[in-house]
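> With the input below, show me the fold.
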Amino acid sequence: MLFAERNIGNQFHESDANANAALSYAVEDLGVQHIIVMGHYGCGGASAAISSPPAPPWDVADFAVQEWIFLLRNLYAESARPEIIEHRNAYPGGIKVPLPKLHDPVLRALVEENVKQTVSNIVSSQLIVERYCNATAAAVFIHGMVYDVENGAPSLQELRGHQSEYRWEHIVSSPAPAVLDENSVPSTSEALEAASRRISRLYENTIFQGDEEDTTGQLDDEYESTMITWPPTNPADSEERLQTSTTSFIETSASLLETQETQETHYSDTSSIARFPTFHFNLHTLGTLNGLRGGGSRKMNFLLVVLEVDGPDTIRTKKGPEISILKMILGDDEGNMCKLTAWREVADVWGGMTGSVRVKRGDIVFLENVTATCEPQASPALSASPYLKSKLQICYRTLVYTQADARLRPDLRLGVSDPSVRKVESLVRWFEMMAGLDRPVRK
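As a prediction, this is how the structure comes out:
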């Protein structure tokens, strides 16, 4: 039996519902035991990932393609393959990179590295890990292969003989899956800085291209929901801001700040008591960023991951008083992004200016009572204010800077039967994958 799943660049993202469903159906229902990741030289997706993206504005098709090959671009930017390093050095920043030719070493190298990465993604997927946790389940083998479209696949005679110039290899997942350690040692500053750069690249030159920020002017109270946008963070500024951010597991509103510190007054670092997820929301009340494409303005709830935080700052209204403003970029596990502006007391509380704990990049947040708008040819925009009674609850803190951050990360495995916990876990995995973070594990 042959069951095939195809996409641009033969990629597997666990956040991609289509590929994940195909993997689940093949392994669980069809009983497939051999999964082959089949790449080919001359891959158009790999070629597009090497070359410079088209100049904006992008149409819907361009945006979809560039979003899909984003991880391929990351692989090209970070690979240690000599052929790829040599090509990157030939085109330093600012120089337009042309499409590689069919036989260019850099293209062949990226195709091979992409197959390795895809095999690794499948091996570490929740489905395969759980498969190896089940001692009674049949083993699943993951193979990585590349063929040359000009020469074709090896013939059966060549495979049976010993003179073939082809070499076939397979990579098998480990039977001892890793387990997330919530009490792990914090990531290194180098890893966090690299994660920051990857996340900034996620939205630069796309929906925020050309946006300008002007917070020196005056603002009319009538239009306090108007979005103010800003360019991607400079990596150095981002690291400094994140390093000074405090950590929390909070629900905040203009009148309430609740942290795990206030809930667990007898907690100590030596405590062995598991941290259960304490967030609560109904999945049926959540809006989606895709659902905003129809236009209009609505009061909605969202579960999103914070990609960027800026502020809080102060601006002056036309009537005279200064008010606070906090700006964020958020995303979902389907790769959609939006901008959010919080105003007045809400900006102060969410920004940590009132003794509360500041929301920061990598937080999985439940947003309640925010105004959502999406004008034609514009990115979705959210607005939060005391008038709307907007609330923000941090469900999970992804980026770890100190040992204390561990207690702000509930053990999601303890709530796996809860649909809301599984939704949060999906966002955590998506952000970690996009940021290129290696999950801390214990044997």
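> Give me the contacts around stretch 31-43.
Under the contact criterion Cβ atoms under 8 Å, 6 or more residues apart in numbering, stretch 31-43 has outside partners 1, 3, 9-10, 12, 23, 26-27, 102, 107-108, 111-112, 114-115, 118-119, 122, 138-150. (Glycine included, C-beta is placed from N, CA and C.)
> Please apply the same query to stretch 5-18.
With Cβ under 8 Å, 6+ apart as the criterion, stretch 5-18 contacts 19-20, 22-23, 26, 37-39, 43-46, 49, 65, 68-69, 71-72, 114-115, 118, 121-122, 125-126, 333-335, 426, 429-430, 433.
> for this structure, longest helix please?
In the chain, taking DSSP state H as the definition, the longest helix is helix 105-123.
> tell me what the next helix or strand after it is packed against?
Scanning forward in sequence from helix 105-123 by DSSP states H and E, the next helix or strand is helix 126-133. In terms of contacts (3 or more Cβ pairs under 8 Å, 6 or more residues apart in numbering; DSSP states H and E), helix 126-133 is packed against helix 17-24.
> tell me which residues of whichever helix or strand comes after the helix it packs on are tucked away?
For helix 17-24, the succeeding helix or strand toward the C-terminus, using DSSP H and E, is strand 34-41. Using 16 or more other Cβ atoms under 10 Å as the test for burial, strand 34-41 gives 35-37, 39-41.
> following strand 34-41, which helix or strand comes up?
Next element after strand 34-41 (DSSP H and E): helix 44-50.
> can you list contacts of that following helix?
Here helix 44-50 makes contact (Cβ under 8 Å, 6+ apart) with 8-9, 11, 65, 68-69, 72-73, 75-76, 87, 97, 99-100, 106-107, 110-111, 114.
> Mind pulling up the pLDDT for the closest residue to Leu414 other than its chain neighbours?
Leaving out its chain neighbours, the residue that sits closest to Leu414 by Cβ to Cβ, 6 or more residues apart in numbering is Phe276, at 5.2 Å. pLDDT, Phe276: 79.
> cool, and Val428?
Value listed for Val428 in the pLDDT field: 90.
> Kindly report the same for Ala384.
With respect to pLDDT, Ala384 scores 92.
> How much space separates the nearest residue to it once chain neighbours are set aside from Phe366?
Nearest non-adjacent residue to Ala384, counting by Cβ to Cβ, 6+ apart: Ser390, 3.5 Å away. Distance of Ser390 to Phe366, computed by Cβ to Cβ, to the nearest Å: 11 Å.
> the more surrounded of those two?
Per other Cβ atoms under 10 Å, whichever of Ser390 and Phe366 has more neighbours is Ser390, with 25 against 22.
> Trp350 reaches Val357, doesn't it?
No - Trp350 lies out of contact with Val357 (Cβ atoms under 8 Å); the separation is 9.6 Å.
> of these two, who's got more company?
Trp350 (32 against 21).
> give me the number of residues near Ser124?
Neighbour count for Ser124, taken as other Cβ under 10 Å: 18.
> Also Arg298?
Residues within reach of Arg298, counting by other Cβ under 10 Å, total 13.
> and the strand or helix carrying Ile325, what's its mean pLDDT?
Taking DSSP H and E as the definition, Ile325 sits inside strand 322-331. Here strand 322-331 scores 88 as its mean pLDDT.
> helices or strands next to that strand in the packing?
Here strand 322-331 touches helix 189-203, strand 297-317, strand 337-343, helix 344-350, going by 3+ Cβ pairs under 8 Å, 6+ apart.
> wait, which of the ones you listed is closest to Phe281?
Phe281 sits nearest to strand 297-317 of all the helices and strands packed on strand 322-331, at 7.1 Å, using Cβ to Cβ.
> picking up where we left off before, now the helices and strands packed on strand 322-331 as TSV including mean pLDDT and distance to Ser324?
Formatted as TSV, the helices and strands packed on strand 322-331 follow (pLDDT from 0 to 100; distance: least, Cβ to Cβ, whole Å):
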stretch	mean pLDDT	distance to Ser324
helix 189-203	64	24
strand 297-317	87	5
strand 337-343	89	7
helix 344-350	89	4
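> could you dump those to a markdown table with distance to Ala55?
Shown next, in a markdown table, are those (distance: least, Cβ to Cβ, whole Å):
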| stretch | distance to Ala55 |
| --- | --- |
| helix 189-203 | 17 |
| strand 297-317 | 23 |
| strand 337-343 | 20 |
| helix 344-350 | 35 |
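> Tell me how many other residues crowd Ala22.
17.
> helix or strand for the residue nearest to Leu414, which one?
Phe276 belongs to no helix or strand when elements are defined using DSSP H and E.
> Test my guess that it contacts Arg413.
No - judged on Cβ under 8 Å, Phe276 makes no contact with Arg413 at a distance of 10.2 Å.
> can I get the buried residues of strand 34-41 in CSV with distance to Pro380 and pLDDT?
Formatted as CSV, the buried residues of strand 34-41 follow (distance: Cβ to Cβ, whole Å; pLDDT from 0 to 100):
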residue, distance to Pro380, pLDDT
Ile35, 36, 89
Ile36, 39, 88
Val37, 34, 89
Gly39, 35, 88
His40, 37, 88
Tyr41, 39, 87
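> Which one of those residues is nearest to Ala372?
Relative to Ala372, and with distances defined as Cβ to Cβ, the nearest of the buried residues of strand 34-41 is Val37, at 38.5 Å.
> Would you state the strands of the stretch 51-200 of the chain in chain order?
For the stretch 51-200 of the chain, the strands defined by DSSP state E, counting those that start in this stretch occupy 141-148, 179-180.
> tell me, which of the ones you listed is the model least confident about?
Across the strands of the stretch 51-200 of the chain, strand 179-180 gives the lowest mean pLDDT, at a mean of 41.
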